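Trainee: predicted model and sequence follow; I will ask about them next.
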Amino acid sequence: METTKQDKPTVTALPYSNITPRKIRVIGVPLDLGQSRRGVDMGPSAVRVAGLEARLEALGHVVEDAGNIAVAIAEQKKEGDPHAKYLKEITATCTKHAELVLKTLEAGKVPIVLGGDHSVAAGTVAGVAEFHRRQNQKIGLLWIDAHSDINTPDSSPSGNVHGMPLAAIMGLGPPELSNIFNFSPKVNPENCVLVGVRDIDAIEKENIRRAGVEVFTMRDIDERGMRAVIEEALRMAGRGTAGYHVSLDMDWIDPEDAPGVGTPVRGGATYREAHLAMEIIADHARMLGFEIVEVNPVIDEHNRTADLAVELTLSAFGKKIL
């Protein structure tokens, strides 16, 4: 495992706070094999440069950076099956990553995972689910994304695995990713909730129905408001579970506020809606793990998207306006 040490910006801790301090381990997974557009492998570095560790510590949390999981480089590998490109390498990365997430939870720490493309979620959720499975507990999953990422090799129009992690988590395949830790699905469908989707492939719609997951589209947010949608999503993800993992793809936010993402789609959540969602998640205090993916500094503007990723992480971990 590669380990990098960043110089920390100086941030003064708050003199008072109502935030419950948590022990946090930051894990970078600079995986970009899951998609065609390059650059998200630099996402973890961009988020670190935006001051993630120091700004979390300023809230009172205790933060350890575990560095980056080693990831294969596309130019050194063959893409393999055109219906699931680089699947062997992605599975190897996600398996190593899942083991580190499991060890993080066993050490009493909350994992914050920095992607990379959304393929990393197959490893993150596997690690969180395995930890709780060993305690005879189930977990929920909040999948906050412009896309549903529930394609399979049979349905994917591109063969890009970053469009398949939710399918793997739900046991639809590909089997290599689905069976990390030898059990599937990782989350029961009634506890898996998609929030803010607005760009779904035609065959994916059938996969969503097959999986039986809960879905709130951007229209639901438009009509009902972010608070009502997030409150209901958390109730669904939390029923009968130890809590829920939050997987946040930065392309969920409108490109006006988050231009530096792997696959931007107009019409996403606003800056304030995104913060409100994270603040409500913090209020419920049942989050088991957190990841931010698809930050692409190559097409970003002055690291705006990475800085917003840090701001949203702070909100999810208890930062409030007052």
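Mentor: Yep, that arrived.

Trainee: quick one: low-confidence residue ranges for the stretch 51-200 of the chain.
Mentor: Scanning the stretch 51-200 of the chain with the threshold set as pLDDT under 70 gives 75.

Trainee: helices of that one, residue ranges please.
Mentor: Using DSSP state H, counting those that start in this stretch, the helices of the stretch 51-200 of the chain run over 52-58, 87-106, 120-133, 165-169, 175-178.

Trainee: which secondary structure elements does the first one contact?
Mentor: Secondary structure elements in contact with helix 52-58, counted by 3 or more CB pairs under 8 Å, 6 or more residues apart in numbering; DSSP states H and E, are strand 23-29, strand 62-68, helix 304-316. All C-beta atoms are positioned from the backbone trio N, CA, C, and that covers glycine.

Trainee: list the buried residues for the first one?
Mentor: Read that as strand 23-29. For strand 23-29, a neighbour-count test (16 or more other CB atoms under 10 Å) marks 24, 25, 26, 27, 28, 29 as buried.

Trainee: take those residues and write them to a markdown table, including distance to residue 102 and pLDDT.
Mentor: Shown next, in a markdown table, are the buried residues of strand 23-29 (distance: CB to CB, whole Å; pLDDT from 0 to 100):
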| residue | distance to residue 102 | pLDDT |
| --- | --- | --- |
| 24 | 16 | 98 |
| 25 | 12 | 98 |
| 26 | 16 | 98 |
| 27 | 11 | 98 |
| 28 | 17 | 98 |
| 29 | 14 | 98 |
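
Trainee: got these as CSV, with distance to residue 79 columns?
Mentor: Formatted as CSV, the buried residues of strand 23-29 follow (distance: CB to CB, whole Å):
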residue, distance to residue 79
24, 35
25, 32
26, 30
27, 26
28, 23
29, 19
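
Trainee: so residue 33, which of the three states?
Mentor: Counting by DSSP: H, G, I helix; E, B strand; the rest coil, the backbone at residue 33 sits in coil.

Trainee: strands along this structure, start to end?
Mentor: 23-29, 62-68, 110-115, 140-144, 192-197, 214-217, 244-249, 287-293 (DSSP state E).

Trainee: which residues sit against stretch 103-115?
Mentor: Outside stretch 103-115, the residues that touch it by CB atoms under 8 Å, 6 or more residues apart in numbering are 22-31, 40, 43-44, 47-48, 52, 64, 66, 97, 101, 120-121, 124, 127-128, 131, 287-295, 313.

Trainee: among the buried residues of strand 23-29, which two are most distant?
Mentor: 24 and 29 (15.8 Å; CB to CB).

Trainee: contact partners for residue 46?
Mentor: 260, 295, 297, 300, 303, 305, 306.

Trainee: and which of the residues you listed is nearest residue 218?
Mentor: Nearest member of the contacts of residue 46 to residue 218, counting by CB to CB, is residue 305, at 19.0 Å.

Trainee: quick one, what contacts residue 25?
Mentor: 63, 64, 65, 66, 104, 107, 109, 110, 111, 112.

Trainee: cutoff 10 Å now
Mentor: Taking CB atoms under 10 Å, 6 or more residues apart in numbering, we find residue 25 in contact with 62-66, 100-101, 103-105, 107-113.

Trainee: repeat that for residue 306.
Mentor: 42-52, 114, 250, 258, 260, 292, 295-297, 300.

Trainee: quick one on the thing from earlier: need the helices and strands packed on helix 52-58 in TSV (columns: distance to residue 179).
Mentor: TSV is the format used below for these (distance: least, CB to CB, whole Å):
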stretch	distance to residue 179
strand 23-29	19
strand 62-68	25
helix 304-316	30
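
Trainee: out of the ones you listed, nearest to residue 151?
Mentor: Per CB to CB, nearest to residue 151 of the helices and strands packed on helix 52-58: strand 23-29, 20.3 Å.

Trainee: strand partners (parallel or antiparallel) of the closest one?
Mentor: strand 62-68 (parallel), strand 110-115 (parallel) (DSSP bridges).

Trainee: just the ones you listed: most buried one?
Mentor: Burial of the strands paired with strand 23-29 is given as mean neighbour count (mean count of other CB atoms under 10 Å); strand 110-115 ranks first at a mean of 27.

Trainee: can I get it as CSV, trimmed to CA atoms?
Mentor: In CSV, the C-alpha atoms belonging to strand 110-115 read as follows (Å, rounded to 0.1, in the frame of the first residue of the first chain):
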residue,chain,number,x,y,z
VAL,A,110,-15.1,5.4,10.7
PRO,A,111,-13.9,5.0,7.1
ILE,A,112,-13.9,8.0,4.8
VAL,A,113,-13.1,6.8,1.3
LEU,A,114,-11.8,9.1,-1.5
GLY,A,115,-12.3,7.9,-5.1
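
Trainee: any idea how far it is from the chain center?
Mentor: 8 Å (CA atoms, centre = their mean, to the nearest Å).

Trainee: tilt between that strand and helix 120-133?
Mentor: For strand 110-115 against helix 120-133, the angle by axes from the mean of the first three to the mean of the last three CA atoms, to 10 degrees is 160 degrees.

Trainee: need the buried ones from the contacts of stretch 103-115 selected in ChimeraX.
Mentor: Per 16+ other CB under 10 Å, the buried members of the contacts of stretch 103-115 correspond to this ChimeraX selection:
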select :22,24,25,26,27,28,29,30,31,40,43,44,47,48,52,66,97,101,120,121,124,127,128,131,287,288,289,290,291,292,293,294,295,313
